[in-house]
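[1] Okay, here's the prediction I keep looking at, along with the sequence it came from:
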Amino acid sequence: MGDLLIRNMPESMRHEVNRLAQHHGHSLSEEAKRLLQKGLLALAQEEQASDAADTYAEFRQEFTDALLADDEYREMMTAIDGWKQESTQTKAEAAE
């Protein structure tokens, strides 16, 4: 395993990480790793949500000019919204 040196960290940030470490019963190093891991997971989830939103928007755009009756279009978009919400919930549950 490698080491990581963080230079010029604001004292208030170091103090907060130290406070969290004491609260959780971890060393400063362990708490910093825990916080980094948590941040990386959150970033990955944000990127997945962004990718899903982009795909969803592209899909909706493709069907904007489809020759569907209003109620057919509305039904299709409602189904897509439901699938999207279900997928987001499944991913969130899997991350927990």
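    Everything's here; your move. If you're wondering where the values come from, they're calculated on a predicted model, not measured in any experiment. Numbering: from 1, shown residues only.
[2] Nearest to the middle of the protein, which residue? Look it up for me.
    Gln45 (2.2 Å; C-alpha atoms, centre = their mean).
[3] Settle this for me: that one is touching Lys91, isn't it.
    Yes: here Gln45 reaches Lys91: they are 7.4 Å apart, a contact under C-beta atoms under 8 Å. For every residue, glycine as well, the C-beta is placed using N, CA and C.
[4] Can you show me the helices along this protein?
    Here the chain has its helices, by DSSP state H, at 11-24, 28-62, 70-95.
[5] Compare those and give me the one nearest Gly2.
    Among these, helix 28-62 comes nearest to Gly2, with 11.8 Å by C-beta to C-beta.
[6] low-scoring pLDDT stretches of this protein, where are they?
    Scanning the chain for pLDDT under 70 picks out the ranges 51-53, 55-56, 59-60, 63-68, 95-96.
[7] how about stretch 8-27: buried residues?
    Using 16 or more other C-beta atoms under 10 Å as the test for burial, stretch 8-27 gives Val17, Ala21, His26.
[8] can I get those in a markdown table with distance to Glu72?
    As requested, the buried residues of stretch 8-27 are exported to a markdown table (distance: C-beta to C-beta, whole Å):
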| residue | distance to Glu72 |
| --- | --- |
| Val17 | 55 |
| Ala21 | 57 |
| His26 | 56 |
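[9] Looking at those, spot the one nearest Glu75.
    Val17 (51.0 Å).
[10] still on that earlier bit, any idea which of the buried residues of stretch 8-27 is closest to Asp71?
    When these are ranked by distance to Asp71 (C-beta to C-beta), Val17 comes first, at 55.5 Å.
[11] Isn't the closest one up against Arg34?
    No: using C-beta under 8 Å, Val17 makes no contact with Arg34, being 9.7 Å away.
[12] CA atoms only: put stretch 85-96 into PDB for me.
    The C-alpha trace of stretch 85-96 is given here as PDB (Å, rounded to 0.1, in the frame of the first residue of the first chain):
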ATOM      1  CA  GLN A  85     -37.100   5.600 -10.600                       C
ATOM      2  CA  GLU A  86     -37.000   1.800 -10.000                       C
ATOM      3  CA  SER A  87     -33.500   1.600 -11.400                       C
ATOM      4  CA  THR A  88     -32.300   4.500  -9.200                       C
ATOM      5  CA  GLN A  89     -33.800   2.900  -6.100                       C
ATOM      6  CA  THR A  90     -32.200  -0.400  -6.900                       C
ATOM      7  CA  LYS A  91     -28.800   1.200  -7.300                       C
ATOM      8  CA  ALA A  92     -29.100   3.100  -4.100                       C
ATOM      9  CA  GLU A  93     -30.100   0.000  -2.200                       C
ATOM     10  CA  ALA A  94     -27.200  -1.900  -3.700                       C
ATOM     11  CA  ALA A  95     -24.800   0.800  -2.600                       C
ATOM     12  CA  GLU A  96     -26.000   0.600   1.100                       C
END
